[in-house]
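Visitor: Following is a predicted model, sequence given first.
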6 protein chains.
Amino acid sequence: MKISARNQLKGTIIEIHKGATTAHVSIALPGGAVVMASITNEAVDELGLGMGMAATAIVKASDVMVGVD
Amino acid sequence: MKISARNQLKGTIIEIHKGATTAHVSIALPGGAVVMASITNEAVDELGLGMGMAATAIVKASDVMVGVD
Amino acid sequence: MKISARNQLKGTIIEIHKGATTAHVSIALPGGAVVMASITNEAVDELGLGMGMAATAIVKASDVMVGVD
Amino acid sequence: MKISARNQLKGTIIEIHKGATTAHVSIALPGGAVVMASITNEAVDELGLGMGMAATAIVKASDVMVGVD
Amino acid sequence: MKISARNQLKGTIIEIHKGATTAHVSIALPGGAVVMASITNEAVDELGLGMGMAATAIVKASDVMVGVD
Amino acid sequence: MKISARNQLKGTIIEIHKGATTAHVSIALPGGAVVMASITNEAVDELGLGMGMAATAIVKASDVMVGVD
């Protein structure tokens, strides 16, 4: 499936931490930045996410803010 | 100000496109990825955003999804 | 691509209204409900969205609220 | 209260799963689709949500993405 | 309708600015703070929003970040 | 850092409740309203949040809905 989200950043899963219902999944991008996703435990299981897997961090443009120093 | 958002990706503004009320601002990250933010025109003016400026794309972890092929 | 979003509702595009930078796309679900998405004009063009096309409305569980009368 | 959210999908609660702070509530729509909401445990208690109750899944249009195959 | 969103801040509408598809609505709270909502033009019309009207700014807890100096 | 989010409401932290991965932080505004943020436990620790601290509730305009009676 192709989706409308403007931001689809490819990387590698470097950490998965499951809580009671919510999991934190960290994806390292090629340039060194790390993106953390907070998703349901169910999604982690259903997608079969694991350490070292290739994965895409997906973010809708309306959910991105801009900061300047 | 320091903020709780888990994802704060530093880069450079490479495009600003203003609409009637909403602007699209694109920030290139060091590794080559580009993140687009959809923010208000007011925010663009208030922060004085311009081409080539250093800027940070800020995303809350709960707004990140994970995709796998 | 498979994605972590818990809500992926299949339907048919029944309306596309483009603004200056933001478009509204309405997807009718089989049961009669209509879901409106507010996405970038760019996404509409890139995905080649058109009236009558099959499409999926995708929503992260953390973006859904519950209401009761 | 009437609210601005474009998507207000009426259905029936078919599952409630509480975690440590976050609960998952699933609402079945008339057409068969199921929408999952991730909300606070407090909200579940305050609204008195229970299995089989009529409920509305509420989603802001800016939180809906579009996918195509 | 009662909704699950943890943040329901009552105030008065002090500004409405419509764009091509998206409107900005500002609500002044009793303590002096102003909350701006970015909603669809359709929602403004459907709810009959106008200057000086009592209105509630509604925000899901998962959409609130915390900043400290 | 200055950020694009239109809503930056200054107040005082009056409650912090940590769950397995997600924490709820409540900030009282000067006018009496309370804003609850659902953020990661990590963010609570990293920012050193504590009861009685001055803090800002930050919300993007696109995450605010409007309700009327």
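Guide: All right, it came through fine.

Visitor: what's the longest strand along chain A packed up against?
Guide: In chain A, assigned by DSSP state E, the strand with the most residues is strand A:7-18. If contacts are counted by 3 or more Cβ pairs under 8 Å, 6 or more residues apart in numbering or on different chains; DSSP states H and E, strand A:7-18 sits against strand A:22-28, strand A:34-40, helix A:41-47, strand A:54-59, strand B:34-40. Backbone N, C-alpha and C define where each C-beta goes, glycine included.

Visitor: Centroid-wise, who is the farthest residue in chain A?
Guide: Taking Cα atoms, centre = their mean, the residue of chain A most remote from its mean C-alpha position is A:Asp69, at 25.7 Å.

Visitor: Where does chain A get nearest to chain F, which residue?
Guide: A:Gly19 (3.1 Å; Cβ to the nearest Cβ).

Visitor: Would you list the phi and psi of the residue in chain A that chain B sits nearest to?
Guide: For chain A and chain B, the shortest gap (Cβ to the nearest Cβ) falls at A:Gly31, measuring 1.7 Å. Taking degrees, to the nearest 10, you get phi -80, psi 0 for the backbone angles of A:Gly31.

Visitor: Name the nearest residue to it, ignoring sequence neighbours.
Guide: Leaving aside its chain neighbours, A:Gly31 sits nearest to B:Gly31 (1.7 Å; criterion: Cβ to Cβ, 6 or more residues apart in numbering or on different chains).

Visitor: was I right about the one you found contacting A:Leu29?
Guide: Yes: taking Cβ atoms under 8 Å as the definition, B:Gly31 is a contact partner of A:Leu29 at 5.4 Å.

Visitor: ok so, going back, for the residue of chain A closest to chain B, which residues are in contact?
Guide: A:Gly31 makes contact with B:29-33, according to Cβ atoms under 8 Å, 6 or more residues apart in numbering or on different chains.

Visitor: Looking at pLDDT only, which of the residues you listed scores worst?
Guide: Lowest pLDDT of the contacts of A:Gly31: B:Gly31, 85.

Visitor: what's the spacing between that residue and A:Ala61?
Guide: In this view, B:Gly31 and A:Ala61 are 19 Å apart by Cβ to Cβ, to the nearest Å.

Visitor: related to what we said a few turns ago, pull out the buried residues from the longest strand of chain A.
Guide: The neighbour-count check on strand A:7-18 (16 or more other Cβ atoms under 10 Å in any protein chain shown) flags A:7-9, A:11, A:13, A:16-17 as buried.

Visitor: Could you give the bridge partners of A:Asn7?
Guide: A:Val59 (DSSP bridges).

Visitor: sorry, back to before: quick one, the longest strand of chain A and strand B:7-18 angle?
Guide: Comparing the axes of strand A:7-18 and strand B:7-18 via axes from the mean of the first three to the mean of the last three Cα atoms, to 10 degrees yields an angle of 160 degrees.

Visitor: Great, nothing more from me.
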